[in-house]
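S.K.: fold the stuff below for me.
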Amino acid sequence: MFQFKHKILISSVGVLALAVLLAPVCFAGVNAAPHLGMGSGARSLGLGGAFTAVADDATSTIWNPAGLPAVDDLTITLSSARLSMDRKHSFIGLIKKVGANGGLGVAVVNAGLDDIPARNANDQPGGSFNYNSNAYSLSYGHDLGAVSLGASARMYMDSFGDHSSASGFAGADIGLLGHNKASTFSYGIAARNLGSAIGEDNQVPVKIAGGLAYRVLHKNVATFSVDVEHEVIDLPESPTSLRLGTEYLIGNTFAIRGGTKLNSDRTQFFAGFGVNVGGLQLDYALKAADSAVNNIDDTSTHFFSISYSY
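M.R.: All right, here's what the predicted structure looks like:
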C-alpha cells in the first residue's frame, strides 16, 4: 500500500511539473473569461487569495481541488460580489464526502452585466440586453495521508441577450496539498485552466500557483499564508503576483482576516471577518480601490458569503 501511494505521489508531482513546463508555450491571446481569474469566496479573498495551501472549504473547487477531502461532510456555499460598473459576480458550491478519504464538489461561477445599451442596424439606440457568463465545474479530491490530490474540469457558457452565445471547455485544474503530522504547516501547488478551448484565439489563461501556510495552534488559531502565482498570458501588466494573507480565529466562532496581492504594476489590499454559529458561517471581505499604473477599477469591492456545513 505504501508503494502504491508513493507511486501516485511521484506521478502526480510529475504531472504538476509537466504543467509548469508546458504552460509557457500555451499563451492566451485574449482572456475569454477574466472573471474566472479573480477567485471566489469572501473568506479566501479576505486572505488576499493566498489560499492554495489553505484550501479547506467549498471554494477549493476554484483555488485548489486537492483541499476537498478536508471539507465537512456536506457543505454548501453561496458567494456574491458587486464589482465596478455594475458588474455582478457570484459563486455556488456544493461539497460531499465520498468514502473516508474523498471529496466531490460541483460549482457554478456566474458573472454578468444587465441593461447594456443596444444599437440597431442603423447604429441608433434601440433597447438593451443582458450579458451572462456561467462556468460549471466538477471536482474531486482524495486524501492519501500526508498529501491530498485533486482535479477539476470546467465548462463555459455565455450569452449576449438574444444576439450571440458561446460555449466550450474552460480548462482543467490539478492540485496537490500536503501537511506535516501536526497540521501546523501546509503547502500547495495548483495548475488552473489547463487546455481551455473556448475559441481559436479566446482561451482562459493558465495559472500556476504555489503556496505555503503556517498555523499557530494555541487557544485560538492564527494562520499565515503566502502564494506565488503566475498567469500565462501576453499582456503588458506583470503576470506574476505575490499574495499574502493572515487569519485570526477566536474560539472557532469569530475570524479577522487581512491580505494583499501585489506585483510590479498593481497593489491590492483586502480585509474581512467571519462568524460561525452551529455550522452556519457568514463571511465578508473588502477589496480597497486598486493602486495601479493603469487603474480601471478605482472603487472598493464588497464580497459576501454564506456557508452551511453538517
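S.K.: so A50 sits against L244, correct?
M.R.: Yes. A50 is within contact range of L244, at 5.7 Å (criterion: CB atoms under 8 Å). For glycine as for every other residue, the C-beta is placed from the backbone atoms N, C-alpha and C.
S.K.: compare those two (neighbour count), which wins?
M.R.: A50 (30 against 18; other CB atoms under 10 Å).
S.K.: so what sits against both of A50 and L244?
M.R.: S225, V226, G259 (CB atoms under 8 Å, 6 or more residues apart in numbering).
S.K.: which strand or helix spans the second one?
M.R.: Looking back up the chat, that one is V226. strand 221-232 (DSSP states H and E).
S.K.: mind listing what that strand pairs with, with the direction of each?
M.R.: strand 206-217 (antiparallel), strand 240-250 (antiparallel) (DSSP bridges).
S.K.: what is the end-to-end distance of stretch 39-57?
M.R.: For stretch 39-57, the first and last residues are 13 Å from each other (CA to CA, to the nearest Å).
S.K.: what residues of it count as buried?
M.R.: 39-57 (16 or more other CB atoms under 10 Å).
S.K.: so how far is it off the chain centroid?
M.R.: 7 Å (CA atoms, centre = their mean, to the nearest Å).
S.K.: check stretch 214-223 too.
M.R.: Taking mean C-alpha positions (CA atoms, centre = their mean), stretch 214-223 and its chain are 24 Å apart.
S.K.: now swap in stretch 46-59 and tell me
M.R.: 8 Å.
S.K.: repeat for stretch 71-83
M.R.: For stretch 71-83, the distance to the chain centre is 12 Å (CA atoms, centre = their mean).
S.K.: average model confidence for it?
M.R.: Averaged over stretch 71-83, pLDDT sits at 88.
S.K.: just the C-alpha atoms of that stretch, please, in CSV.
M.R.: Backbone C-alpha positions of stretch 71-83 (Å, rounded to 0.1, in the frame of the first residue of the first chain) are rendered in CSV as follows:
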residue,chain,number,x,y,z
VAL,A,71,-14.2,20.0,3.8
ASP,A,72,-17.0,18.9,6.2
ASP,A,73,-19.3,16.0,5.1
LEU,A,74,-21.9,18.2,3.3
THR,A,75,-21.2,21.9,2.7
ILE,A,76,-22.9,24.4,0.6
THR,A,77,-21.5,27.9,0.0
LEU,A,78,-23.1,30.9,-1.7
SER,A,79,-21.0,34.0,-2.5
SER,A,80,-21.7,37.3,-4.3
ALA,A,81,-19.9,40.5,-5.2
ARG,A,82,-20.8,43.7,-6.9
LEU,A,83,-18.0,45.0,-9.0
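S.K.: list the buried ones in it?
M.R.: Applying 16+ other CB under 10 Å to stretch 71-83 flags V71, D72, T75, T77, S79, S80, A81, L83 as buried.
S.K.: now for the residues you listed, which pair is the farthest apart?
M.R.: For the buried residues of stretch 71-83, the maximum inter-member distance is 29.6 Å, found between D72 and L83 (CB to CB).
S.K.: picking that back up, F304 is nearest to which of the strands paired with strand 221-232?
M.R.: strand 240-250 (17.3 Å).
S.K.: what helix or strand does M155 sit in?
M.R.: Assigned by DSSP H and E, M155 falls in strand 147-160.
S.K.: next SSE downstream of that strand?
M.R.: Using DSSP H and E, the first helix or strand after strand 147-160 is strand 164-179.
S.K.: quick check: angle from that following strand to strand 206-217?
M.R.: 40 degrees (axes from the mean of the first three to the mean of the last three CA atoms, to 10 degrees).
S.K.: just checking, what packs against strand 164-179?
M.R.: Applying 3 or more CB pairs under 8 Å, 6 or more residues apart in numbering; DSSP states H and E, one finds that strand 164-179 contacts helix 2-22, strand 125-143, strand 147-160, strand 185-194.
S.K.: and the contacts of the last one?
M.R.: Under the contact criterion CB under 8 Å, 6+ apart, strand 185-194 has outside partners 16, 19-20, 23, 36, 52-55, 63-67, 154, 170-180, 203-215.
S.K.: please list only the buried members of those residues.
M.R.: 16, 19-20, 23, 36, 52-55, 63-67, 154, 170-179, 203-213, 215.
S.K.: to G150, which of the strands paired with strand 221-232 lies closest?
M.R.: Taking the strands paired with strand 221-232 one by one with CB to CB, strand 206-217 is closest: 13.4 Å.
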